[in-house]
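# turn this into a structure:
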Amino acid sequence: MSPFFVVSLLLGLIFGQTASLCAPSEYTIHVEKRECAYCLAINTTICAGFCMTRDSNGKKLLLKSALSQNVCTYKEMQYRTALIPGCPQHTLPYYSYPVAVSCKCGKCNTDYSDCVRERLRTNYCTKPQKLCNL
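Residues are numbered from 1 along each chain as shown. Okay, here's the model as predicted:
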């Protein structure tokens with residue numbers, strides 16, 4: 001191997017982002033309200049993928065800040081609002097959701113991300129479905 005290749009590989013491992021595969025991914029959200037007649041399937045983008053992380057074997061020797069793991073999270077996002085069809089007049093028929101514009105590997109921000117393991121999949125409709133492509 002050439003010295004240039006070895007140095008490039010080492011720098012990539014040190015900085016981590018070169019091997020990260022964190023990017024906006026297509027995702028469908030299913031939204032229902034008890035009062036409304038339909039379930040709305042919304043096509044959006046979320047941040048998903050792999051981020052380089054380090055295994056910290058010396059947990060007792062390191063500061064707590066050094067133990068946090070990087071996750072694939074939003075760098076830029078926008079909020080959009082969809083109208084859920086078939087809602088009575090006394091019900092707010094709107095649902096706001098995030099759209100990932102760009103993503104990054106970084107610490108998980110609980111203000112706008114779910115930072116725990118994936119829960120049971122409940123992303124489905126129990127009512128007739130309408131599709132929303134925004």
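# list the contacts of stretch 80-88.
Stretch 80-88 is contacted from outside by 31-33, 35-38, 40, 42, 44, 93-97, 99, 130, 132, 134, using Cβ atoms under 8 Å, 6 or more residues apart in numbering. Placement of C-beta: from N, CA and C, glycine included.
# where exactly do the strands run in the protein?
Taking DSSP state E, the strands of the chain run over residues 21-31, 39-50, 71-83, 94-106, 129-133.
# could I get those strands as CSV with mean pLDDT and mean neighbour count?
Listed next are the strands of the chain as CSV, based on pLDDT from 0 to 100; neighbours: other Cβ atoms under 10 Å:
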stretch, mean pLDDT, mean neighbour count
strand 21-31, 91, 15
strand 39-50, 90, 18
strand 71-83, 92, 15
strand 94-106, 93, 17
strand 129-133, 65, 13
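# Cys39 pairs with what?
Gln129 (DSSP bridges).
# surely it and Gln129 touch.
Yes. Counting by Cβ atoms under 8 Å, Cys39 does reach Gln129; the two are 4.9 Å apart.
# kindly provide the distance from Gly86 to Leu21.
Using Cβ to Cβ, to the nearest Å, Gly86 is found at 40 Å from Leu21.
# I misspoke; the intended subject was Ala82.
29 Å.
# can you check Tyr124 too?
Distance from Tyr124 to Leu21, by Cβ to Cβ: 27 Å.
# now Ile84: phi and psi?
When read as degrees, to the nearest 10, the backbone of Ile84 gives phi -80, psi 120.
# what is the neighbour count of it?
Per other Cβ atoms under 10 Å, the neighbour tally for Ile84 reads 22.
# just the pLDDT for it.
For Ile84, the model assigns a pLDDT of 90.
# tally up the residues packed near the nearest residue to Ala37 once chain neighbours are set aside, please.
Nearest non-adjacent residue to Ala37, counting by Cβ to Cβ, 6 or more residues apart in numbering: Gly86, 2.9 Å away. Other residues near Gly86 come to 16 when the count uses other Cβ under 10 Å.
# many thanks, we can stop here.
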